[in-house]
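Visitor: here is a sequence with its predicted model. Questions after.
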Amino acid sequence: MDRTHTLRARMRAPGALVHEGDFFLWASQTSERFDAAAGNPPFIRYQSFSGETRGRAQAEAAKFGARFNGLCSSWAPFLVGAAGLLRSAGAMAFVVPAEIGHATYAKPLLEALCKHFDRVHVIAFREKLFPALSEDCWLLHCAGFGGRTDEILLTALEEFHPLEAPPESVRRISLASWRKSGCRLRKFLLPERGVRLYDALAGMPGVRRFSEVGHAGIGYVTGANDFFHVRPTEAQFWGLPPQLLRVAVRKGEQLPKRRVDKEVVGRWLANDEAVLLVHLRGVDPLPARVREYLDTDAGHEAKDTYKCRNRNPWYVVPDVKTPHAFLSYMSGLAPTLVANEAGCVCTNSVHAVQLSPNFDITDVQRAWETPLCQLSCEIEGHPLGGGMLKIEPGEVANVRLPLQQTPASRADTTILEETITEARRWRHYA
């Protein structure tokens, strides 16, 4: 806590004892124990949550049995640290980000809490708890410190209203079911009949995980996109050899619905879009006109960027591949799988999809557009804010693809579609 917030806290609660300093340092040294803990933990992203403070946080969490990786935000070890300060039978209640429903570090957090409390209860709100924030927030209530439980209680509410006690309406999720879901609570916000049907269909022989069909990974990282991608007129002006230029998909909005073919590429080039990657891997010596381009002011600027100055030679963009397809990883309605018929490359703004042998992109696209797969994307992906759905490579790997016809009735299709709609409501997609 900094001095400004310390003074504000003392003004609001003049009779309270207010500590100023590093919470994790204080927690590791104090002998005080409490009947209850409540609050709004610090939401510091992993990029800024570093150094000695992170080290102390991880050490305190480890004492409690929670081991967090380097991508963990501050709020998770803070909750564990607070729990460790409770007396027997104590309780705690905190505001938590909705990340508790899908983040990888939610697993060690909830596992640890279930080992130390009689009751672990997550209360989710579809309407934003804090409308001015892009972050969705839920509530966490744990009671009976010193006990343990083999289930997580989940309450899904439309909006927040003050209550004198935790809601009685709960969905009891066994730890076994939660683990089977990939340790993601978001799935259990959806209608139970939709989840049951999804699980039944996902387990059928003709349904494959995406990881069995192919691999989705990030595209290349240039370090200076505007320098390494040029327009056709710029390439002509600088005299850059055509054989050193690759047509690239730079962002998801660039993708058509079904395929990138010669006609699509022709439109990009005719519109003089900056889609030509200057690709210099294996080129030695460099042509004179290329050296001139690299020696421009823009080239010197690019050379000084973090990525470029940490590779040798700085002008060779690594990991440039020609995938079978592209996959949007930040989407509104749904992620789009687009065949790469023109042999383009792509930046890390989209996923590059490489199919395993014996799988055809047309068959995979057909499966991708089914209600079962679309619901799987909602379950395996996660909200990004503003109604967007983000799906990371590890999440894509778990998406279910019905490559063979599944015996789903019209009624089943209706249930799947209703469940998809509800999933989109929870991520605020209008």
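Guide: Ah, there it is. As the structure is a computational prediction, the values presented were derived from the model and not from experiment. Numbering: from 1, shown residues only.
Visitor: now stretch 132-146: buried residues?
Guide: By neighbour count, with 16 or more other CB atoms under 10 Å as the criterion, the buried positions of stretch 132-146 are 136, 137, 138, 139, 140, 141, 142, 143, 144, 145. The C-beta positions use only the backbone N, C-alpha and C, and glycine is treated the same way.
Visitor: to clarify, my last question referred to stretch 78-87.
Guide: 78, 79, 80, 81, 82, 83, 84, 85, 86.
Visitor: next one: stretch 253-273
Guide: 254, 255, 259, 260, 264, 265, 268, 273.
Visitor: cool, stretch 295-302 as well?
Guide: Neighbour counts using 16+ other CB under 10 Å place 299, 302 of stretch 295-302 among the buried residues.
Visitor: now it: mean pLDDT?
Guide: In this model, stretch 295-302 has an average pLDDT of 97.
Visitor: next SSE downstream of the host helix or strand of residue 59?
Guide: Per DSSP states H and E: residue 59 is located in helix 51-63. As assigned by DSSP H and E, the chain's next helix or strand after helix 51-63 is helix 75-83.
Visitor: for the buried residues of stretch 253-273, work out which two are farthest apart.
Guide: Spanning the widest gap among those are 259 and 273, at 17.8 Å by CB to CB.
Visitor: hmm, back to that, quick one: which of the buried residues of stretch 253-273 sit in strands?
Guide: Among those, the ones falling in strands (DSSP state E) are 259, 260.
Visitor: and the buried residues of stretch 253-273, which is closest to residue 399?
Guide: So of these, ranked by how close each gets to residue 399 (CB to CB), first place is residue 255, at 17.9 Å.
Visitor: can you pull the contacts of the closest one?
Guide: Taking CB atoms under 8 Å, 6 or more residues apart in numbering, we find residue 255 in contact with 249, 326, 328, 336, 338, 350.
Visitor: just give the nearest non-adjacent residue to the fourth one, would you?
Guide: The spatially closest residue to residue 336, leaving aside those adjacent along the chain, is residue 328, at 4.7 Å (CB to CB, 6 or more residues apart in numbering).
Visitor: burial of the one you found, as a residue count?
Guide: 23 (other CB atoms under 10 Å).
Visitor: please report how far residue 185 lies from residue 386.
Guide: For residue 185, the distance to residue 386 (CB to CB, to the nearest Å) stands at 21 Å.
Visitor: pick out whichever of those two has more residues nearby.
Guide: More crowded of residue 185 and residue 386, by other CB under 10 Å: residue 185, with 22 against 11.
Visitor: by contact count, what packs against the helix or strand containing residue 417?
Guide: Using DSSP H and E, residue 417 sits within helix 410-426. Packing partners of helix 410-426 (3 or more CB pairs under 8 Å, 6 or more residues apart in numbering; DSSP states H and E): helix 192-202, helix 371-380.
Visitor: neighbouring contacts of it?
Guide: Here helix 410-426 makes contact (CB under 8 Å, 6+ apart) with 126, 186, 189-191, 193-195, 197-198, 201, 333, 371-372, 374-375, 378-379, 383, 387, 408.
Visitor: quick one: buried ones out of those?
Guide: Buried among these (16+ other CB under 10 Å): 186, 189-190, 194-195, 197-198, 201, 371-372, 374-375, 378-379, 383, 408.
Visitor: which two among those are spaced furthest apart?
Guide: The largest separation in the buried ones among the contacts of helix 410-426, counting by CB to CB, is between 383 and 408 at 26.6 Å.
Visitor: from the buried residues of stretch 132-146, which is closest to residue 168?
Guide: Of the buried residues of stretch 132-146, the one sitting nearest to residue 168 (CB to CB) turns out to be residue 141, at 12.3 Å.
Visitor: show me what the helix or strand hosting the closest one is packed up against.
Guide: Under the criterion of DSSP H and E, residue 141 resides in strand 137-145. Taking 3+ CB pairs under 8 Å, 6+ apart as contact, the helices and strands that strand 137-145 lies on are helix 75-83, strand 86-97, strand 117-125.
Visitor: now do the first one, average pLDDT.
Guide: So that's helix 75-83. Averaging pLDDT residue by residue across helix 75-83 gives 90.
Visitor: chain center to that helix: distance?
Guide: Distance, stretch centre to chain centre, for helix 75-83: 22 Å (CA atoms, centre = their mean, to the nearest Å).
Visitor: on that earlier part again, in the helix holding residue 417, what counts as buried?
Guide: The neighbour-count check on helix 410-426 (16+ other CB under 10 Å) flags 412, 415, 416, 418, 419, 420, 422, 423, 424, 426 as buried.
Visitor: surely residue 238 is in contact with residue 294?
Guide: No: judged on CB atoms under 8 Å, residue 238 makes no contact with residue 294 at a distance of 10.0 Å.
Visitor: looking at the two, which is more packed in?
Guide: The neighbour count for residue 238 versus residue 294, taken as other CB under 10 Å, is higher for residue 294 (19 against 14).
Visitor: counting neighbours, what do you get for the closest residue in space to the more buried one that isn't next to it in sequence?
Guide: Spatial nearest neighbour of residue 294, chain neighbours left out: residue 315 (5.6 Å); criterion: CB to CB, 6+ apart. If you count neighbours by other CB under 10 Å, residue 315 ends up with 24.
Visitor: swap in residue 147?
Guide: 14.
Visitor: could you do residue 274 as well?
Guide: Residue 274, neighbours per other CB under 10 Å, totals 18.
Visitor: for it, phi and psi?
Guide: When read as degrees, to the nearest 10, the backbone of residue 274 gives phi -80, psi 70.
Visitor: same check on residue 218?
Guide: Per degrees, to the nearest 10, the backbone of residue 218 is at phi -80, psi 150.
Visitor: domain parsing of this protein, as residue ranges.
Guide: Using automatic domain parsing, the domain parsing of the chain gives 3-189, 215-426.
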